[in-house]
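> Take this sequence and fold it.
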Amino acid sequence: MPRTKRPRSVSGRVVTEKRSAGAIARFVRSGLIKYNRAKGGSFGYSRLVLSARDGSRSVVGGLVCELFWNAMYIEMLWIADSARGRGHGRRLMRQAERRARQHGSQLIYLSTYSFQAPEFYEKLGYRRFGEVENHPPGASRIFYVKRLSPTSA
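Prediction:
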């Protein structure tokens, strides 16, 4: 009769970290990066921060993103209310796209909320690929992707 494996007993506990949350987060991130590299190869990770400045060189907005494998993930884009409608967001996105191409990225992805002008991304050629409705209540979280070609604007 074939031997069947006994399920391993699960022991231990889950702890909500307070004092050592930063250290645990770094530990988890490091472990995940090692795992991802083993499975997907070197991913050439880098973080990119771009700023938008007004005529007096004051920061009026910015874009924060991560580059890895063949993609760029735009984590944050924000423009001060006083500087909106002046092209800062479009210029930041175009610069991010140029940097993505330099990195060898083939796509850029991001998420935004329905109250954060998703049409802005659509005008720049981003395609909606997902939506989580009622998050936050009364709004939606929307996911976008843009495939890059070496010469696309």
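> remind me, longest helix of the protein?
In the chain, assigned by DSSP state H, the helix with the most residues is helix 21-40.
> contact partners of that one?
With Cβ atoms under 8 Å, 6 or more residues apart in numbering as the test, helix 21-40 has contacts from 17, 43, 45, 69. C-beta: built from backbone N, CA, C; applies to glycine.
> of those, buried ones?
W69 (16 or more other Cβ atoms under 10 Å).
> Mind checking the pLDDT average for the longest helix of the chain?
Model confidence over helix 21-40, given as mean pLDDT, is 91.
> ok, the helix or strand following that helix: who's next to it in the sheet?
Following helix 21-40 in sequence order, the next helix or strand is strand 46-53 (DSSP states H and E). Applying DSSP bridges to the sheet, strand 46-53 is found paired with strand 59-68 (antiparallel).
> now what about the partner strand, what contacts it?
Under the criterion Cβ under 8 Å, 6+ apart, residues 43-54, 72-80, 82-83, 88-89, 92-93, 95-96, 99-100, 103, 105 lie in contact with strand 59-68.
> Could you tell me the angle between the helix or strand immediately after it in the chain and strand 46-53?
Later in the chain than strand 59-68, the nearest helix or strand by DSSP H and E is strand 71-79. With axes from the mean of the first three to the mean of the last three Cα atoms, to 10 degrees defining the directions, strand 71-79 sits at 30 degrees from strand 46-53.
> How far off centre is strand 71-79?
Relative to the chain's own centre, strand 71-79 is displaced by 6 Å; criterion: Cα atoms, centre = their mean, to the nearest Å.
> ok, now stretch 21-28?
With Cα atoms, centre = their mean, you get 20 Å for stretch 21-28.
> just to revisit the earlier point, looking at the contacts of helix 21-40, spot the one nearest E122.
W69 (25.1 Å; Cβ to Cβ).
> Fine, thanks again, bye for now.
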